[in-house]
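> starting from these lines, generate the structure:
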Amino acid sequence: MLLEMKGIAADTAENGLAALDKLHGGKRYDIVLLDLMMPIMDGLTFWGEMSKDPDLARIPVIVISGVAQFDAAKSIGAAAHLRKPVALSQLYRTLEQHCPQAN
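Numbering: from 1, shown residues only. Predicted structure coming up:
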């Protein structure tokens, strides 16, 4: 909702498996905001699966993680890493840096 209020179209997935299904669904995505702690398929597993697909691997990923997961988040070669809780201004700034459509 907060992204859409800023004019950024957004989609959500309740877990990594659902996110992969959406990414393979034919709709084009410009960026992925990835939480590491998700049920069914966690963010690290999601990242590994996404990285195997050349079409999906081109999509920039911004990892958002809590303090306990932040070191693991840094192991992912993402476009950016944000620590929870994320200030909205920081999220918007990061999106603008890595997603031209967010400007």
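> could you check how far the spatially most central residue of the chain is from Phe46?
Taking Cα atoms, centre = their mean as the criterion, Leu33 is the residue nearest the geometric centre of the chain, at 1.9 Å. Taking Cβ to Cβ, to the nearest Å as the criterion, Leu33 is separated from Phe46 by 12 Å. Yep, even glycine has a C-beta here, placed from its N, CA and C like the rest.
> likewise Gly77?
Shown here: Gly77 relative to Phe46, a distance of 14 Å by Cβ to Cβ.
> so these two - more neighbours on which side?
Remark: of Gly77 and Phe46, Phe46 carries more neighbours, 26 against 9, as counted by other Cβ atoms under 10 Å.
> how about the helix or strand containing the more buried one: buried residues?
In this structure, Phe46 sits in helix 43-52 according to DSSP states H and E. The neighbour-count criterion (16 or more other Cβ atoms under 10 Å) identifies 43-44, 46-47, 49-50 as the buried residues of helix 43-52.
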